[in-house]
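K.L.:
all I have is the shape, not the residue letters:
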């Protein structure tokens, strides 16, 4: 059984908000940010699984503050929970000021599934938790998974 740590797959990207990234209110368009976040989640999942992945759910996507033209956007992703073939990735987005201060503007949890060459789900490595924060993130991931399963059941039952 392959074991990996959270640090083995962390990812961080940086973007500058350009005029083509703006919405009608002259703020970063949410769809652009969602694309960037999905890419970071995919990088984390690929690094962990060593294979191709697909997004199967966005469990949470919370816009906390806007971003504006010329803002520097830092997107950081890390694994929080791992199942048999699926992985939960927490992605935090920040606006970074010229002096290096970061203000979180978005938080998201993506569920990714590892795929083989035939696009069938494939087993992923186990995750070794090394800190109390990682253990807490895992527990929260377990609870989000429980809620997702219940929500799916409710939707199938017609509720």
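P.N.:
Received the coordinates, thanks. Quick caveat: nothing in here was measured; it's all calculated off a predicted structure.
K.L.:
show me what the longest helix seen in the chain is in contact with.
P.N.:
Counting residues, the longest helix found in the chain (DSSP state H) is helix 132-156. Helix 132-156 has contacts (Cβ atoms under 8 Å, 6 or more residues apart in numbering) with 6, 57, 59-60, 80-81, 83, 88, 90, 109, 111, 127, 129. Just so you know, the C-beta spots here come from the backbone N, C-alpha and C atoms, and that holds for glycine as well.
K.L.:
ok, 10 Å please
P.N.:
Contact partners of helix 132-156, identified using Cβ atoms under 10 Å, 6 or more residues apart in numbering, comprise 5-7, 56-57, 59-60, 78-83, 86-90, 109, 111, 127-129, 131, 159.
K.L.:
quick one: buried residues of it?
P.N.:
Buried residues in helix 132-156, counted by 16 or more other Cβ atoms under 10 Å: 134, 137-138, 141, 144-145, 148.
K.L.:
now do the contacts for the nearest residue to residue 125 once chain neighbours are set aside.
P.N.:
Take residue 125 and drop its neighbours on the chain: the residue closest to it by Cβ to Cβ, 6 or more residues apart in numbering is residue 2, 3.8 Å away. Listed by Cβ under 10 Å, 6+ apart, the contact set of residue 2 reads 48-50, 123-126.
K.L.:
top of the residues you listed by number of neighbours, please.
P.N.:
Within the contacts of residue 2, neighbour counts (other Cβ atoms under 10 Å) peak at residue 48, which reaches 26 neighbours.
K.L.:
now whichever strand or helix holds that residue: how far from the chain's centre is it?
P.N.:
For residue 48, the element it lies in under DSSP states H and E is helix 30-49. The chain centre lies 6 Å from the centre of helix 30-49; the measure is Cα atoms, centre = their mean, to the nearest Å.
K.L.:
how about the helix or strand just after it: buried residues?
P.N.:
Heading C-terminal from helix 30-49, the first helix or strand you meet, by DSSP H and E, is strand 52-63. Neighbour counts over strand 52-63 (16+ other Cβ under 10 Å) mark 53, 57, 59, 63 as buried.
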